[in-house]
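In: following is a predicted model, sequence given first.
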Amino acid sequence: MDRDLMLSLYRDMICIRRFEEEAARAYTRGKMGGFLHLYIGEEAVAVGAISAVEPTDYIVATYREHAHYLARVGDMKAAMAELFGKATGCSKGRGGSMHFFDMKKRFMGGHAIVGGHVPIAAGIAFASKYRGEPDVTLCFFGDGTANMGAFHEGMSLAALWKLPVVFICENNLYSMGTPLYRTLAVEDVAVRAEGYPMAQEIINGDDVLEVREAVRRAAKRARTESLPILVEAKTYRFRGHSMSDPAKYRTKEEVEEWMNRDPIRILAQRIYELGVANEAQLKAIDDEVKQEVAEAVKFADESPVPDPATLYDDVYSETEPRQDEEKVVPLPRRARAGG
Ligand SMILES: Cc1ncc(C[n+]2csc(CCOP(=O)(O)OP(=O)(O)O)c2C)c(N)n1
Ligand SMILES: [Mg+2]
């Protein structure tokens, strides 16, 4: 096992953990508006998967996307500033927690509508295939998403058109406060793949090396054979659904059991066993990361809010009244009804 790789995966996971712990503190201090959904406990999925693909491959994620953004783009300052709604944020402070974006790094969001991004991922993969480009799209989503109509539409088209997408289900056993067994008629989300059809694989989402290996294989197949796959990573979120959720619907024992399978601790254990690093060396990484997070908070705090004069920038609508506006005649009622 490559020493540098293991340490870099460790660092990436610690970055997400410490970033989000600090984000949670900032949230309670009223530094940001809207919701904040944390990925704490699920870090191995984003880090393992994104480390397994090329930097030119596309990433599409949910509202729990700070992790995927940090794993791909790694700019903590732009991430924290976005949470704080500042002009220096990765979406210029216009998106906030659920709408991180970085086109240059092919990080295609940050999507708040459950399932809405699955057809988008299929569309991106379609564009790659249509243009004859070698890129693969990774699409992350939760277990609850597997029951959404848009999810089935995206999966169905990906199978029909043999699109190079790796669908990655982050199965954390809950959609908001509802346990999976109350929403899903099957035990594993992965079996849904059979109906489209496409390949499937179930993996331990708390083992970053296992995730990396599975996604590496899946992405290679997508790239060389242009075939989609559904990978289901079993994992758990340690916090509530969002910051406003006290998570009373889970027993203390259940949470403790999963926290014993902390993905960061699992990798640390592997690192010790293989003699890659000792406790002091991992602590040094942690200390560096905490420093980086503190600098990101300072940067976000000191950054300006977006200038109101830029309100209409980057909006896909006319900011000036259209010249031909008076010529637009509404269709008569009956004609519209027929359409
Ligand atoms: C179309 C739509 N319906 C409902 C919601 C409200 N909502 C936000 S997250 C969520 C649960 C999604 O659960 P899951 O897909 O398992 O993802 P997780 O939050 O567990 O990562 C719901 C119902 C939404 N954002 N979009
Ligand atoms: Mg879930």
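Out: Sure thing, it's come through. Ligands and ions are numbered 1, 2, ... in the order given.
In: so where do the strands sit in the stretch 101-250 of the chain?
Out: 137-142, 165-171, 174-175, 178-179, 199-204, 229-234 (DSSP state E, counting those that start in this stretch).
In: for Ala309, which of these is the nearest?
Out: With C-beta to C-beta as the criterion, Ala309 lies closest to strand 137-142 of the strands of the stretch 101-250 of the chain, at 35.6 Å. Every C-beta, even on glycine, is put in place using the N, C-alpha and C of the backbone.
In: what about that closest one, distance to the chain center?
Out: Averaging C-alpha positions (C-alpha atoms, centre = their mean, to the nearest Å) puts strand 137-142 7 Å from its chain's average.
In: measure how it sits relative to strand 229-234, angle-wise.
Out: 40 degrees (axes from the mean of the first three to the mean of the last three C-alpha atoms, to 10 degrees).
In: is any part of strand 137-142 close to ligand 2?
Out: Yes - interface with ligand 2: strand 137-142 contributes Gly142 (C-beta under 5 Å from the ion).
In: so does that strand get close to ligand 1?
Out: Yes - using C-beta under 6 Å from any ligand atom, strand 137-142 reaches ligand 1 at Phe141, Gly142.
In: could you say what helices and strands that strand packs with?
Out: helix 43-51, strand 58-60, helix 117-130, strand 165-171 (3 or more C-beta pairs under 8 Å, 6 or more residues apart in numbering; DSSP states H and E).
In: ligand 1 is nearest to which of the ones you listed?
Out: With C-beta to the nearest ligand atom, the closest approach to ligand 1 among the helices and strands packed on strand 137-142 belongs to strand 165-171: 5.8 Å.
In: what's in contact with the closest one?
Out: Outside strand 165-171, the residues that touch it by C-beta atoms under 8 Å, 6 or more residues apart in numbering are 42, 45, 49, 64, 118, 121-122, 125, 136-143, 145-146, 155, 158, 180, 189-190, 205, 215, 218-219, 222, 228-235.
In: let's go with 7 Å and repeat that
Out: 42, 45, 49, 121-122, 125, 136-143, 146, 155, 158, 189, 205, 215, 218-219, 222, 228-235 (C-beta atoms under 7 Å, 6 or more residues apart in numbering).
In: quick one: that strand to strand 199-204, angle?
Out: Put simply, strand 165-171 runs at 40 degrees to strand 199-204, going by the same axes, to 10 degrees.
In: what sits against Lys283?
Out: Shown in contact with Lys283 (C-beta under 7 Å, 6+ apart): no residues.
In: need phi/psi at it.
Out: With angles defined as degrees, to the nearest 10, Lys283 sits at phi -70, psi -40.
In: quick one on the thing from earlier: reformat the helices and strands packed on strand 137-142 as a markdown table; add distance to Gly93, mean neighbour count and mean pLDDT.
Out: Output for these, formatted as a markdown table (distance: least, C-beta to C-beta, whole Å; neighbours: other C-beta atoms under 10 Å; pLDDT from 0 to 100):
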| stretch | distance to Gly93 | mean neighbour count | mean pLDDT |
| --- | --- | --- | --- |
| helix 43-51 | 23 | 28 | 98 |
| strand 58-60 | 21 | 26 | 98 |
| helix 117-130 | 21 | 22 | 98 |
| strand 165-171 | 27 | 29 | 98 |
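In: distance to ligand 1 added to these, as CSV?
Out: As requested, those are exported to CSV (distance: least, C-beta to the nearest ligand atom, whole Å):
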stretch, distance to ligand 1
helix 43-51, 10
strand 58-60, 14
helix 117-130, 11
strand 165-171, 6
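In: nearest to ligand 2, of those?
Out: Ranking these by proximity to ligand 2 (C-beta to the ion) places strand 165-171 first, at 6.6 Å.
In: near ligand 2, which residues of the stretch 1-150 of the chain?
Out: Contacts of the stretch 1-150 of the chain with ligand 2, taken as C-beta under 5 Å from the ion, map to Gly142, Asp143, Gly144.
In: for this structure, longest helix please?
Out: Ranked by number of residues, the top helix in the chain under DSSP state H is helix 3-28.
In: show me what from the stretch 201-339 of the chain comes close to ligand 1.
Out: So far as C-beta under 6 Å from any ligand atom goes, the stretch 201-339 of the chain lies against ligand 1 at His241.
In: please spell out the PyMOL selection for the buried subset of the contacts of strand 165-171.
Out: Applying 16 or more other C-beta atoms under 10 Å to those leaves a buried subset, and the PyMOL line that selects it is:
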select buried, resi 42+45+49+121+122+125+136+137+138+139+140+141+142+143+146+155+158+189+205+215+218+219+222+228+229+230+231+232+233+234+235
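In: which residues of the protein fall in helices?
Out: Using DSSP H, helices in the chain cover 3-28, 43-51, 66-72, 76-83, 117-130, 149-160, 208-225, 252-259, 263-273, 279-302, 333-338.
In: return the distance of the longest one from the chain's centre.
Out: The chain centroid and the centroid of helix 3-28 are separated by 14 Å under C-alpha atoms, centre = their mean.
In: burial of Asn204, as a residue count?
Out: Asn204 has 17 neighbours, counted by other C-beta atoms under 10 Å.
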